[in-house]
Structures are given as C-alpha cells and as structure tokens.
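>>> give me a model of this one.
(one chain, ligands or ions: 2)
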Amino acid sequence: MSSFLMQQDSTSAIASAVQLLSARRLIVKIGSALIADADTGEIRGPWLETLIEDVVRFVARGQQVIIVTSGAVAVGSRRFVQLDRRPETGEKQAAAAIGQVQLMHAYEQSLKRRGFGVGQLLLTGEDIDNQHRCLNARSTLQQLLKVGAVPIVNENDATATVEICFGDNDRLAARVAHMVDADVLILLSNVDGLFTEDPHDNPFARLVTEVRCINPEIEAMAGHSAARHSSGGMVTKLMAARIAMDAGCEMVIANGNKSYPLAAIENGGPSTWFIPFKDKASRDACANSLSQN
Ligand SMILES: Nc1ncnc2c1ncn2[C@@H]1O[C@H](COP(=O)(O)OP(=O)(O)O)[C@@H](O)[C@H]1O
Ligand SMILES: N[C@@H](CCC(=O)OP(=O)(O)O)C(=O)O
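Ligands and ions are numbered 1, 2, ... in the order given. Model (predicted):
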C-alpha cells in the first residue's frame, strides 16, 4: 500500500480538475500571507479579486463554497506598528478585532460587485466541540448557502482565550469541513504543498503530490512556519488533513500566491492531495501502520 506519491504529471493534473469539478461543497482556506501584505499588512486587493472570481465561477456552476479566512491579526496589527515585537495576546485580540472588520469589508465589496452576498461566522473551539452550538453553526452555514450568500469564517480571535481558541485556521477549516460534510478542503498557502522537508530550508526538497495515509514518514516531513503572522506551518496542515480524511473529505494544499489560485489547481498546478481510502480494509491498514509506531 503506497501511502504517498511524488510525481506531478498529466494524470494528476486531470485528477485535480475532476476532484474539484465533482465537489458539491468546498471549503477554501486563505492563509494570512496571501490576504495581507507581509510588510504593510494591507489587504492584497488585486489578488483577492482573482480569488473571488474563482469562487464565483464555482458557485455559478452549482457548487457551494465556504471561505475560511485568516489575516485579521495581520491586517489589524498595522495599528500596533510602533511595537518592535510581535503583539502580545491582548494586543493580538485587539488587532484581530480591528483587522476582521477590514477583511470582511474587502470580501463583502468584492462579492457584491459580482452580485453575491456574504455572511460572517466567528467561531471558537466551543462552537465546534459543543454539539448544540455545532449544530447551530452548521444550520447557519446551510442557511447562508441556501440564500446564495458566501459564508466567511474565522476564529473569534477577539474573545478566544487560550482555553477555547483553535490557534490556527487550518484545523478550524478542517473542523468546518467535517461540520458541513464538505467534499473538498482547499488550503491555499505560501508553498506548493507538502515537501519532503521545508523547501525554505532545503531547496532540494521534493513535492509530495498525493497522500493516502498520514503515517510517521509523512509526519516527519512537516515543520513549523517562519511567516510572521502565520500560526500553522505544515504541522497543523497535517493535523487538518487527518481531521478532513477521517471525515471522508479530500484535502489539497496549493500555493495561493498567484492570480486565480483555484483555477491554477484545476489546471494541474503543483499541489498535494490528501485522499482518504474509500475501502475499509485500506483505512484499517493505514490505521494499523500508525498504531505500530
Ligand atoms: N515539509 C514541509 N513542506 C512544505 N512547507 C513546510 C514544510 N515544513 C514546514 N513548512 C513551512 O510551512 C509554511 C506554510 O505554513 P504557514 O506559514 O502557516 O502558511 P499558511 O499561511 O498557509 O498557514 C511553509 O511556508 C514552510 O515554510
Ligand atoms: N484567526 C487568525 C488566523 C491565524 C492563522 O491560522 O493564520 P495562518 O496560519 O496564516 O492561516 C487571524 O485571522 O489572524
């Protein structure tokens, strides 16, 4: 049983297109480094327009899209530029409260120009872990999709204490995918996918194109993030992949730092697909390979 592949060829390109086209409901997660300029914290408006163009195209062909966006802290931190250090918890929460408003305004204006509404959900871990609150959030998301408004989700950083916060939107996005029974979770990042090592550390690291089983060999490849406001790194992306795959949802990591980032995946651009086995025997073999280590 091959747990991962490393070739990027026409077959995998066709597979990417089919997997995205055939998805009834998708979650698109946007990393901080994509939505906010790394130096100024300004929202990257021209890039956002191309992402929303892609999202609207998916919706127009009958697919449902929920966006999980990072960036509130990155955008709001501009108000704390006098700090010569990373904002502390209280400052981060204030920065998120400021940045979230600007993020939502940018999304709302972009979608409005294309005839779509937008709805905001700010969640904490309790909204997912508590069954009643989870069902309530699920219902709200379904109602938004029903009326053609694009749901935009982020962690409720402004009030999320350490005890109840997610800490990263990779896992939040995976939990939302599980909550709404999504078919595909797309993590748009600042890297082409999972490499054998952090490509910023080792330029000879190789891209893993497909993972069927997250075993210790795969886990050993993942490191943390160096980006200023990012909080996940590849470690949390593998955690997200495990949550998604356990829920029967496929997940893809791709570099969103290009125009029309979803179209790039559809057209076979570099990416890593995490595809759960459909048959129980293979799933059990994967689980056994984990328990033996
Ligand atoms: N094995 C790996 N493959 C790819 N990226 C890795 C790996 N290990 C660590 N990383 C780091 O993870 C980063 C992506 O995570 P992160 O910075 O949190 O981005 P995002 O904004 O998408 O959350 C990459 O830029 C890279 O520096
Ligand atoms: N809720 C936070 C998300 C932090 C986070 O997960 O960032 P990233 O690792 O860039 O996706 C914010 O909006 O800044």
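
>>> the nearest residue to Gly193 once chain neighbours are set aside and ligand 2, how far apart?
Distances taken as Cβ to Cβ, 6 or more residues apart in numbering place Thr272 nearest to Gly193, at 3.1 Å, with adjacent residues excluded. From N, CA and C alone the C-beta is placed, and that goes for glycine too. To ligand 2, Thr272 is 16 Å away according to Cβ to the nearest ligand atom, to the nearest Å.

>>> secondary structure element for the closest residue to Ser77 other than its chain neighbours?
Nearest residue to Ser77, sequence neighbours excluded (Cβ to Cβ, 6+ apart): Ala95, at 4.5 Å. Ala95 is part of helix 89-112, with elements assigned from DSSP states H and E.

>>> helices or strands up against that helix?
Here helix 89-112 touches helix 45-60, strand 64-69, helix 72-76, strand 117-123, strand 149-155, going by 3 or more Cβ pairs under 8 Å, 6 or more residues apart in numbering; DSSP states H and E.

>>> so after the fourth one, what's the next helix or strand?
Once the chain leaves strand 117-123, the next helix or strand it forms, by DSSP H and E, is helix 125-129.

>>> pull up the distance across stretch 137-153, start to finish.
11 Å (Cα to Cα, to the nearest Å).

>>> per-residue confidence averaged over that stretch?
Averaged across stretch 137-153, pLDDT comes to 97.

>>> now swap in stretch 194-207 and tell me
The average pLDDT within stretch 194-207 is 95.

>>> what's the spacing between Ala264 and ligand 1?
15 Å.

>>> least confident secondary structure element in the protein?
Least confident helix or strand of the chain, by mean pLDDT, DSSP states H and E, is strand 4-5 with a mean of 72.

>>> okay, now the sheet partners of that strand, with direction.
On the basis of DSSP bridges, the sheet neighbours of strand 4-5 come out as strand 210-211 (antiparallel).

>>> so the strand it pairs with, near ligand 1 or not?
No - Strand 210-211 lies out of reach of ligand 1 by Cβ under 6 Å from any ligand atom, never closer than 11.6 Å.
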